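Asker: what's the 3D shape of this:
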Amino acid sequence: MSERDYPPLVPQDGRLSTEQYQGQGWQNKHLFYGHPPGERPYVELIGESGEHDLLLDILRFWIEQKGMTVDLRMRRVALAEAQDYVERSRADPKWRGAFVTGALRTAIKPYVSLVARDVDQLPFVDAIFRFELGWPAGVITAAGGFWKSMDVLFKDQQFPIWFAGIQIVGSGPDAFAVAGVLIERKIDNLWFYTDDLEEGRELARRLGLGEERVLPLNALGPLPNAAQTPFGAQIGTPHFLINTTRMGMEGERDVPVELDLYPEQTLVYDLVYEPRETALLRQARKRGLQAVNGLQLLVEQVGQAFWLFVLDNPPRKQDADLMARLG
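Answerer: I've put the predicted structure just below:
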């Protein structure tokens, strides 16, 4: 199998229909029940390291709640093994899909069909799944997961996101996922802060933004009025600061920002979820700002993938129990 032997796929309203699974033999969701050990369909977490195992914990909780017999596995897959992994998975009828982590997200992309309206603009995939006739297909679940997590956040709290100056720390895959879903919803006053300016400029070009939107990390601070939307400047220059990097994780440096300089109408969203409260979030809460970690995004990301893996919706009525288990 060579790169992109499979056709691109276009989602229907952002989600694939059951009819699009015709021919693969798994279109009946009840086939995910009643399997004895050794005959169960399975989902994997793959990458070069064992990070993000919480993805499987969330998936396991929902599978247990549904009474499904689906096995969950972790597998180390090197970048050079991406093509072989896709070929072997396609040949195994019990394989239902995988969460893809780290640099493997980019390495595996050429060997799967892409679920996107503009496949040329998709730089990576973070979930792959069995599609029609066994074709492996790939999608970015982090983008939809981020927006769904915003829905949960804004259900109880109001924030003028459409008029805010949005500062994204980082220029990697997670920065693309966040920025892409915001731009898709016509929220485009985005500014990127990164140590890798060339990567940042490439990201801006991919998103259709000017390179002037990319600044060095040490320039991170409140946006000047000239960088605000006209209405945003009138309502107190709201800011939305999003960390999409590993900064704040154990063994990593903290995000270099002084939140005392920011206006009161500032929302801080740290995609890091280990630890649950980073130095950035502690600083935000001390200042009295809205502060959110990446745990809800992770839950919503698994929610996006659940239907693709097992052709059913997750049991979201048990979310309170799930969040209590996650801690």
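Asker: please enumerate the strands of the stretch 51-200 of the chain.
Answerer: 71-76, 95-100, 113-114, 127-130, 136-139, 165-169, 190-194 (DSSP state E, counting those that start in this stretch).
Asker: pull up the pairing partners for the last one, direction included.
Answerer: When you say that, I think you mean strand 190-194. The strands beside strand 190-194 in its sheet (DSSP bridges) come out as strand 165-169 (parallel), strand 214-216 (parallel).
Asker: what's the distance between the longest one and the middle of its chain?
Answerer: The one in question is strand 165-169. Chain-centre distance of strand 165-169: 17 Å, with CA atoms, centre = their mean, to the nearest Å.
Asker: pLDDT on it, on average?
Answerer: Taken as a whole, strand 165-169 carries a mean pLDDT of 97.
Asker: which residue packs closest to the residue positioned nearest the centre of the chain, ignoring adjacent ones?
Answerer: In the chain, the centroid-proximal residue (CA atoms, centre = their mean) is residue 142; its distance is 1.4 Å. Nearest residue to residue 142, sequence neighbours excluded (CB to CB, 6 or more residues apart in numbering): residue 177, at 4.1 Å. Quick note: C-beta positions are derived from backbone N, CA and C, even for glycine.
Asker: which ones are touching residue 171?
Answerer: 192, 194, 196, 199, 200, 202, 203, 214 (CB atoms under 8 Å, 6 or more residues apart in numbering).
Asker: dump those into a markdown table; add neighbour count as well.
Answerer: What follows is these, written out as a markdown table (neighbours: other CB atoms under 10 Å):
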| residue | neighbour count |
| --- | --- |
| 192 | 26 |
| 194 | 23 |
| 196 | 15 |
| 199 | 16 |
| 200 | 24 |
| 202 | 16 |
| 203 | 26 |
| 214 | 24 |
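Asker: ok, of those residues, which one's closest to residue 269?
Answerer: Nearest to residue 269 out of these is residue 192 (CB to CB; 14.8 Å).
Asker: gap between residue 148 and residue 265?
Answerer: Residue 148 is 23 Å from residue 265, where distance means CB to CB, to the nearest Å.
Asker: what do you get for residue 216?
Answerer: 26 Å.
Asker: looking at these two, which is more packed in?
Answerer: Neighbour count, other CB atoms under 10 Å: between residue 216 and residue 265, residue 265 has more, with 18 against 12.
Asker: confidence score at the more buried one?
Answerer: 94.
Asker: go ahead and confirm it touches residue 239.
Answerer: Yes: the criterion here is CB atoms under 8 Å, and residue 265 meets it with residue 239 at 7.3 Å.
Asker: just the pLDDT at the residue lying closest to residue 174 once chain neighbours are set aside, thanks.
Answerer: Take residue 174 and drop its neighbours on the chain: the residue closest to it by CB to CB, 6+ apart is residue 244, 4.0 Å away. Here, the pLDDT recorded for residue 244 equals 98.
Asker: so residue 244 makes contact with residue 180?
Answerer: No: Residue 244 lies out of contact with residue 180 (CB under 8 Å); the separation is 11.7 Å.
Asker: many thanks, have a good one.
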